[in-house]
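Student: Okay, structure incoming, though there's no sequence with it:
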């Protein structure tokens, strides 16, 4: 048991041998147990060096070792759902020496990635995909590589997603040879921990019971009434002591729950189940944060941690590291702006109800959930359900607010179109993590919401430029009678003064913040500081557009008439984004003023810190200045006369 993160690299002779090419399948039971100790110690050390996902990996150390010991990976396929629990897997598959680069630009990805290793059989990041992917692999391998085994590892949170149950139902009908391991870390699913359940789980996983079961099946299937009676008797017996009846009804052979930290039992169970035909389901119980006392006590807070900075003080040597799951920010996070607005709005309007798909903490809703429990719904990882639930509530006069990450709203696109927008229902979407999120990389970047929302009829879409504008635009969207979305980025705002009073802003109206000449910069959203700094250097007009839909058409046309070049700026894909809306408007009116778009290029931006990913995408004042200078001789002259551009903050 560790109470502090190790500062020095721990001694890991067995782990070093594995990293050097020794096969985990050759280890004895005592060596496997020692390997688990080494792996947990090295995981604590490496994540302390790099930061990243934390608690989930500690909980699957024994499972990871057992899978690589029993199965012939990578020929046998192991698919990790979501992937934040895959750090031990990466350490065991040749990436130990690079763990310090985790989630850094050019380093290891925070999730399994097919291009990174042949052991990463499927790229993940969003939840509930593993069973479908593993089933596809199993079906495709049935003829070409019938000896191949396929395993999906899914958490108790991810299995709440509808896609997981779609795959379970399909596999129960088609019956491919595959194994699903449910890693139940006691965060979502209820379970029976009694001694009787554990005792029967051991029986059901034994070779004797399996042989009897399969032999009896062959005999009794010739006598349908007898087979039906035997099957129902087994199901009822399991249903009394284990939560496996549902999976059995879906056509899976269920075993469990068993202790996911009992390595010998895990190995024995997996060895027995590896030889079985058809869909198999193993339910294991684990502890998130296992082996690190603070994470065991606070599994939510230690889901991920920041890099541990070691302080050096004169005459004292290295100070002990003080890990904190979430350091106190100097500026206000946009998610906290939303959370405070939500509480303030709920005080004013008893019709407000808030919905989130398993993102209470991340979306800043903790205080609201505590203060208004009867008006708060966490629907688990079920984005489609979240949106249609809101639509149903809106039909009955409730005012639902759906708090959802941009990357996860993609999963509910049909529901947004068909169930909300088509019916003009009064649902407000608070879209967090819009734009580039940094270290979680391309699976989590909110790069497409403006593009996929802008084409939907009846939608109002806002993109605030600072914290106060975010608060006021949320209020405006909520007061609007119909579907509306406000999108804002991950992390802190620029430090604008947040007004307590909430004021409706005119929808579809932008604001000219700086008057200039020749070039007009039309900013949509949180990159306003870059636009304003570039405007100072270029002597350009700078506009805070605020609304992507409806667009301030009169203002755009006026800028096109008065300037020789328009530059649009957004933290969204250029393809189909806010800038594309500007070009479409000018084309409809036959306006030929040149327009250049600064946004996320037609590519997936890799992981790195948030500032670095923005630089990779060209979302900087320098890129705006360079683009303007290349298109306008007057802009080039302005740049030459301003050799040292001064960074400009925002706070209106």
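Tutor: Perfect, thanks for sending it. Everything quoted here is computed from the prediction, not taken from an experiment.
Student: Quick check: residue 283 touching residue 246?
Tutor: No. Counting by CB atoms under 8 Å, residue 283 stays clear of residue 246, with 10.9 Å between them. To be clear about C-beta, it is placed using only N, CA and C from the backbone, and glycine gets the same treatment.
Student: Give me the more crowded residue out of these two.
Tutor: In this view residue 283 and residue 246 are compared by other CB atoms under 10 Å, and residue 283 has more residues nearby, 23 against 13.
Student: Which residue comes closest to the more buried one once chain neighbours are left out?
Tutor: residue 256 (2.9 Å; CB to CB, 6 or more residues apart in numbering).
Student: Mind checking what helix or strand follows the strand or helix carrying that neighbour in sequence?
Tutor: For residue 256, the host element (DSSP states H and E) is strand 253-259. Moving toward the C-terminus from strand 253-259, the next helix or strand (DSSP H and E) is helix 263-274.
Student: can you list contacts of that following helix?
Tutor: For helix 263-274, the external contacting residues (CB atoms under 8 Å, 6 or more residues apart in numbering) are 29, 32-33, 36, 62-63, 65-67, 69-71, 149, 179, 202, 205-207, 210, 255, 258-260, 280, 282, 284.
Student: tell me which residues of stretch 118-125 are tucked away?
Tutor: Across stretch 118-125, burial judged by 16 or more other CB atoms under 10 Å covers 119, 120, 121, 122, 123, 124, 125.
Student: In the chain, which helix is the longest?
Tutor: Longest helix in the chain, counting residues (DSSP state H): helix 29-50.
Student: Run me through the strand neighbours of the helix or strand just after that helix, direction for each.
Tutor: Sequence-wise, the next helix or strand downstream of helix 29-50 (DSSP H and E) is strand 52-53. If you go by DSSP bridges, strand 52-53 pairs up with strand 304-305 (antiparallel).
Student: same question for the partner strand, mean pLDDT?
Tutor: What strand 304-305 shows for mean pLDDT is 62.
Student: pLDDT weak spots in this structure?
Tutor: Scanning the chain for pLDDT under 70 picks out 1, 3, 20, 187-223, 225-243, 300-330, 643-652.
Student: Repeat the analysis, applying 50 as the threshold.
Tutor: 189-197, 199-200, 240-241, 310-320, 322, 326-329, 644-652 (pLDDT under 50).
Student: From the contact counts, what lies against the longest strand anywhere in the chain?
Tutor: Ranked by residue count under DSSP state E, the longest strand found in the chain is strand 565-573. Packing partners of strand 565-573 (3 or more CB pairs under 8 Å, 6 or more residues apart in numbering; DSSP states H and E): helix 449-454, strand 519-524, helix 553-562, helix 578-588, strand 595-600, helix 621-631.
Student: Which parts of that strand count as buried, going by neighbours?
Tutor: For strand 565-573, a neighbour-count test (16+ other CB under 10 Å) marks 565, 566, 567, 568, 569, 570, 571, 572, 573 as buried.
Student: Same check on stretch 631-647?
Tutor: Buried, per 16+ other CB under 10 Å, within stretch 631-647: 631, 632, 634, 635, 636, 638, 639.
Student: One more: stretch 342-357?
Tutor: Quick answer for stretch 342-357 (16+ other CB under 10 Å): 342, 343, 345, 346, 352, 353, 354, 355, 356, 357.
Student: Mind checking which of these are in helices?
Tutor: Of the buried residues of stretch 342-357, the ones assigned to helices by DSSP H are 342, 343, 345, 346.
Student: Distance to residue 93 for these - can I get that in a markdown table?
Tutor: What follows is these, written out as a markdown table (distance: CB to CB, whole Å):
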| residue | distance to residue 93 |
| --- | --- |
| 342 | 43 |
| 343 | 46 |
| 345 | 48 |
| 346 | 48 |
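Student: For these, which two are the farthest from each other?
Tutor: Greatest spacing in those, by CB to CB: 343 and 345 (7.4 Å).
Student: for stretch 248-262, how far is the first residue from the last?
Tutor: 24 Å (CA to CA, to the nearest Å).
Student: ditto for stretch 47-54
Tutor: The straight-line separation of the ends of stretch 47-54 (CA to CA) is 7 Å.
Student: Stretch 488-496 now?
Tutor: End-to-end span of stretch 488-496 (CA to CA): 14 Å.
Student: Grab the nearest non-local neighbour of residue 379.
Tutor: In space, and not counting its chain neighbours, residue 379 is closest to residue 386: 4.8 Å by CB to CB, 6+ apart.
Student: Report the secondary structure element holding that neighbour.
Tutor: helix 383-395.
Student: what's in contact with that helix?
Tutor: With contact meaning CB under 8 Å, 6+ apart, helix 383-395 is reached by 162, 353, 355-357, 377, 379, 400, 402, 404, 408-409, 411-412, 414-416, 419-420, 423, 425-427.
Student: Quick check: PyMOL command selecting the buried ones in those.
Tutor: Buried residues among those (16+ other CB under 10 Å), as a PyMOL selection:
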select buried, resi 353+355+356+357+377+379+400+402+404+408+409+411+412+415+416+419+420+425+426+427
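Student: Kindly spell out which helices and strands sit in contact with the longest helix of the chain.
Tutor: helix 13-19, helix 55-59, helix 61-70, helix 87-90, helix 263-274.
Student: The ones you listed: which one's closest to residue 457?
Tutor: In terms of CB to CB, the element of these nearest to residue 457 is helix 55-59, at 40.7 Å.
Student: Can you name the residues in contact with that closest one?
Tutor: By CB under 8 Å, 6+ apart, the surrounding residues in contact with helix 55-59 are 40, 43-44, 47, 84-88, 155, 183, 185, 260, 286-292, 295, 299, 302-304.
Student: So for that helix, what gets flagged as buried?
Tutor: Of all the residues in helix 55-59, those buried under the rule 16+ other CB under 10 Å are 55, 56, 57, 58, 59.
Student: right, and out of those residues, which lies closest to residue 498?
Tutor: Nearest to residue 498 among the buried residues of helix 55-59 is residue 55, at 32.5 Å by CB to CB.
Student: Could you tell me how far the closest one is located from residue 290?
Tutor: 9 Å (CB to CB, to the nearest Å).
Student: what does residue 513 give?
Tutor: Between residue 513 and residue 290 the computed distance is 52 Å (CB to CB).
Student: Between the two, tell me which one has more neighbours.
Tutor: residue 290 (21 against 18).
Student: Secondary structure class of the more buried one, three-state.
Tutor: Put simply, residue 290 is coil when judged by DSSP: H, G, I helix; E, B strand; the rest coil.
Student: who touches it in this structure?
Tutor: 40, 58, 59, 61, 261, 296.
Student: Surely the fourth one and residue 40 touch.
Tutor: So that's residue 61. Yes. At 5.0 Å, residue 61 and residue 40 qualify as touching, with contact defined as CB under 8 Å.
Student: so what's in contact with those two at the same time?
Tutor: Taking CB under 8 Å, 6+ apart as the contact rule, residue 61 and residue 40 both touch 290, 291.
Student: more neighbours, these two?
Tutor: A direct count of neighbours by other CB under 10 Å for residue 61 and residue 40 places residue 61 higher, at 28 against 21.
Student: how close does that one sit to residue 44?
Tutor: In terms of CB to CB, residue 61 sits 10 Å off from residue 44.
Student: Need the residues touching each of the two.
Tutor: residue 291.
Student: follow-up on the earlier one: let me know which of the helices and strands packed on helix 29-50 is the nearest to residue 367.
Tutor: Of all the helices and strands packed on helix 29-50, helix 55-59 sits nearest to residue 367, with 23.0 Å by CB to CB.
Student: Just list the residues touching the residue nearest to residue 435 when sequence neighbours are not counted, thanks.
Tutor: Sequence neighbours aside, residue 571 is the residue nearest to residue 435 in space, at 3.3 Å (criterion: CB to CB, 6+ apart). Counting by CB under 8 Å, 6+ apart, residue 571 touches 434, 435, 436, 489, 525, 526, 527, 599, 600, 614, 619.
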